[in-house]
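Trainee: Provided below are the primary sequence and the corresponding predicted coordinates.
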Amino acid sequence: MVVGPFGLDPAIWAVLRLIIAIALAAGLVFNGALAQIYLERKIQAIIQDRVGPIHTGPWGLLQTFADAIKLLGKEDIRARLTDHWFFLAAPAIVFSPMLASYVVIPFAPGVVGADLNIGLLYLTTLGSMTVLGIVLAGWASNNKYSLIGGLRSAGQLISYEVPQILSLVTVVLLVGSLSLTKIVDGQGGWHVYGLIVPLAFVTYFIAGLAETNRVPFDLPEAESELVAGFLTEYSGMRWGLFFVAEYGEVTVVASIITTLWFGGWHGPFTDIHPLLGPALGVLWFTLKTYFFVLVFMWIRATLPRFRIDQLMSLCWKLLIPVTLLNLMVTAVLLLAFPGTHVPVAIANWLMLGGVMLLIPFLQKRRLIALRQRLETRRLALATAERPR
Amino acid sequence: MSYDFLETVLFALLTIGIVGGAVGVVFLNRITGAALLMAFTFLCNAGMFVLLGAETIAAFQVLIYVGAITVLILYGVMFTPQQHRPYALFFQKQTPWAALFVAPIAIFVALFAFSFRDSAHPTPRGGDLVPLATSVFKDFAFPFEVASVLLLAAMIGAIVLVKRDEDE
């Protein structure tokens, strides 16, 4: 008879492992969401010169817990003309791929659910499944605001998947593997891909912001235009699931950024002790990830929302050409100079600088063209009115 | 005790999912429900690829079909005006013709499928990309290029069809 770990039957161990993994991931996601909501409130308060939550618990720390309990206790309201099954299924379809993403994220050496060879592909695949849930939520709600929110989200997420995947592929070219552990192993010290392919990092960061529906890309749930977008008809814990899924998705995007561009669990003192080292690795990983989560919040408190046509033209006219060019240049340089990343790094920094310098120039030209068009329309109107 | 029977059980469940989903797509009156069931069928198909040891293809299946194509179909459905038409009628009218054309093909497909009864056991490789890449870019390079030209032509055609003149 085969005996698995802890003297258990392999079949029982497999089931037990599954339950433990789901419980760990769910605990991580829900507690992470609570912490992030608290952080979000506090950081927005600091930026807007307020105090934020202070009354419940020390420094208002218990406020989000109280909110969560309130959400759980709320009545489950469902409007009569909603599409019953889709309405129930949509939060689950949004939530479960996000939860499954945590399987492949390497928190520390050896601390990873499953080291898939195609880990990165798996993550992008799960990220793309969220769209289906959001579109269904919009459709099933039987509400025009929800529907517009869902459709906007479909267009936005499908478009921004392209630059996102293209930026990821640039890093994959450097490593030669889709496995997240191998990507982390390829870095160390100052040799992190964030310094070698910074342009891919910037494009991924922007596309990741759009992929998680965060400000300035939160058009699917734009409060000032669409009530709450696809969330309009939802309440109670179903609404809560959408929100937890959004924060979980933000954490996943931040961990992908940490893993691919900033060395993952690498940091000082990770190899001092066989048990303490991985624990420190988890700490470095969490700190780096939450740094990017905080940057997301900072952006939310700073930038206004895009208009839908601006959003699309940013993706198709700027991000996709830039990522395609970056991918091509990186591939050619890697083939021309095998074994060294220096030419790639030089080219990437130059391209990043070029794009940064190009943006104000393009903006100015666009403004001039806009003004000219307005002027001609005004003249046309004036000449049309004269005969009367 | 061995757990080889689990693979058969999973295969049976996935088959039920694929066939049931496909039947539902054809017979369901509500078109959004049909689209969702189609996504479910694609997911079961991806599960089948995992069973066959082709994790990479399974991932692409979910990424492209569930994540993009189903959403585009839903998008199209939502933008099409629906005047409370009984959608089942649309299919029922054509049932005899459909049966006439499908039956001969179905016979060949069934014969083809049953010729594989004693095939070699698949060996999962944990999503190895190298064989896939070699077959796509070396052995099947020409069909691959032809397919991309076809897609490009389709895309340009779609743009030309829907493009409006600049000033109405």
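Mentor: Everything's here; your move.

Trainee: distance of B:Leu52 relative to chain A?
Mentor: The gap separating B:Leu52 from chain A is 15 Å, by CB to the nearest CB, to the nearest Å. Every residue, glycine included, has its C-beta placed from N, CA and C.

Trainee: what about that residue, neighbour count?
Mentor: For B:Leu52, the tally of surrounding residues (other CB atoms under 10 Å in any protein chain shown) stands at 14.

Trainee: repeat that for the one 4 residues further on.
Mentor: Burial measure for B:Thr56: 21 neighbouring residues, criterion other CB under 10 Å.

Trainee: now for the helix or strand harbouring it, which elements pack on it?
Mentor: Taking DSSP states H and E as the definition, B:Thr56 sits inside helix B:55-61. Packed against helix B:55-61 by the contact rule (3 or more CB pairs under 8 Å, 6 or more residues apart in numbering or on different chains; DSSP states H and E) you find helix A:119-140, helix B:31-51, helix B:129-134.

Trainee: would TSV of those with mean neighbour count, mean pLDDT and distance to A:His55 be doable?
Mentor: Shown next, in TSV, are those (neighbours: other CB atoms under 10 Å in any protein chain shown; pLDDT from 0 to 100; distance: least, CB to CB, whole Å):
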stretch	mean neighbour count	mean pLDDT	distance to A:His55
helix A:119-140	26	84	33
helix B:31-51	20	84	45
helix B:129-134	12	78	54
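
Trainee: next, format these as JSON lines and append distance to A:His266.
Mentor: JSON lines is the format used below for the helices and strands packed on helix B:55-61 (distance: least, CB to CB, whole Å):
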{"stretch": "helix A:119-140", "distance to A:His266": "17"}
{"stretch": "helix B:31-51", "distance to A:His266": "32"}
{"stretch": "helix B:129-134", "distance to A:His266": "25"}
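
Trainee: these: which one's closest to A:Ala228?
Mentor: helix A:119-140 (11.1 Å; CB to CB).

Trainee: ok, that closest one near chain B or not?
Mentor: Yes: contact of helix A:119-140 with chain B (CB under 8 Å from any CB of the partner chain) involves A:Leu121, A:Tyr122, A:Thr124, A:Thr125, A:Ser128, A:Met129, A:Val131, A:Leu132, A:Val135, A:Leu136, A:Trp139.

Trainee: just list the residues touching the closest residue to chain B within the stretch 51-200 of chain A, thanks.
Mentor: As assessed by CB to the nearest CB, chain B sits closest to A:Ser128 within the stretch 51-200 of chain A, at 2.8 Å. Counting by CB atoms under 8 Å, 6 or more residues apart in numbering or on different chains, A:Ser128 touches A:Leu157, A:Glu161, B:Val62, B:Leu63, B:Val66, B:Gly67, B:Ala68.

Trainee: among those, which are in helices?
Mentor: A:Leu157, A:Glu161 (DSSP state H).

Trainee: among the contacts of A:Ser128, which two are most distant?
Mentor: A:Leu157 and B:Val62 (14.7 Å).

Trainee: buried residues, stretch A:50-69. List them.
Mentor: For stretch A:50-69, the buried set under the neighbour-count rule, 16 or more other CB atoms under 10 Å in any protein chain shown, comprises A:Gly52, A:Pro53, A:Gly60, A:Leu62, A:Gln63, A:Thr64, A:Asp67, A:Ala68.

Trainee: need the residues you listed in JSON lines with pLDDT, secondary structure and distance to chain B, can you?
Mentor: As requested, the buried residues of stretch A:50-69 are exported to JSON lines (pLDDT from 0 to 100; DSSP: H, G, I helix; E, B strand; the rest coil; distance: CB to the nearest CB, whole Å):
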{"residue": "A:Gly52", "pLDDT": "80", "secondary structure": "coil", "distance to chain B": "37"}
{"residue": "A:Pro53", "pLDDT": "83", "secondary structure": "coil", "distance to chain B": "37"}
{"residue": "A:Gly60", "pLDDT": "79", "secondary structure": "helix", "distance to chain B": "39"}
{"residue": "A:Leu62", "pLDDT": "84", "secondary structure": "coil", "distance to chain B": "39"}
{"residue": "A:Gln63", "pLDDT": "84", "secondary structure": "helix", "distance to chain B": "36"}
{"residue": "A:Thr64", "pLDDT": "84", "secondary structure": "helix", "distance to chain B": "31"}
{"residue": "A:Asp67", "pLDDT": "85", "secondary structure": "helix", "distance to chain B": "32"}
{"residue": "A:Ala68", "pLDDT": "84", "secondary structure": "helix", "distance to chain B": "30"}
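
Trainee: closest to A:Phe107 among these?
Mentor: Among the buried residues of stretch A:50-69, and counting by CB to CB, the member closest to A:Phe107 is A:Thr64, at 23.3 Å.

Trainee: so that closest one touches A:Leu34, yeah?
Mentor: Yes: contact status for A:Thr64 versus A:Leu34: in contact at 4.6 Å, counting by CB atoms under 8 Å.
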